[in-house]
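Q: coords below, sequence missing:
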Ligand code: SF4
Ligand code: SF4
């Protein structure tokens, strides 16, 4: 289950840099969590890092996103794979840059 930030958030900024999945960002008024990126820190830590640092305890589970431990782990793997993915167009540019000079 992804986590969510309630309107008790005081915009203290401390949770955003702690998220290993870059799931936290500033919303229109308060910080928010992208449920597509939040794994409850599964794959990185035993405990949700944002909950540990939040001074007002306003980061509960998001009931709109029920997920099993297996689903959270597969989300983690998907995020890791996409982080390593290099678009084919970049590979072409890279190989061109690495190619020896042709005369
Ligand atoms: S629980 Fe972990 S992955 Fe989810 S928002 Fe908090 S720090 Fe990020
Ligand atoms: S740590 Fe808590 S109060 Fe601070 S920005 Fe994050 S959610 Fe809001």
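A: Yes, it's here. Keep in mind that this is a model prediction, so the values were computed, not measured. Residues are numbered from 1 along each chain as shown. Ligands and ions are numbered 1, 2, ... in the order given.

Q: confirm that residue 82 lies within a helix, as I assumed.
A: Yes. If the criterion is DSSP: H, G, I helix; E, B strand; the rest coil, then residue 82 is within a helix.

Q: and it, how many neighbours?
A: Look at residue 82: counted by other C-beta atoms under 10 Å, it has 8 neighbours. For the C-beta atoms, the positions are set from N, CA and C on the backbone; glycine is no exception.

Q: state the distance from it to ligand 2.
A: In this structure, residue 82 and ligand 2 are 25 Å apart, going by C-beta to the nearest ligand atom, to the nearest Å.

Q: now do residue 60
A: 11 Å.

Q: can you list the residues of the chain near ligand 1?
A: 3, 18-19, 21, 23-24, 33, 38-41, 48-50 (C-beta under 6 Å from any ligand atom).

Q: just the buried ones out of the residues you listed, please.
A: Under a neighbour-count criterion of 16 or more other C-beta atoms under 10 Å, the subset of these counted as buried comprises 3, 18-19, 21, 23-24, 33, 38-41, 48-50.

Q: now, these that are in helices?
A: Those of these mapping onto helices are 49, 50, per DSSP state H.

Q: need the buried ones among the residues of the chain next to ligand 1 in TSV with pLDDT, can you?
A: Rendered in TSV, the data for those read as follows (pLDDT from 0 to 100):
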residue	pLDDT
3	98
18	98
19	98
21	98
23	98
24	98
33	98
38	98
39	98
40	98
41	98
48	98
49	98
50	98
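
Q: among the buried ones among the residues of the chain next to ligand 1, name the ones in strands.
A: 24, 33 (DSSP state E).

Q: done for today, thanks.
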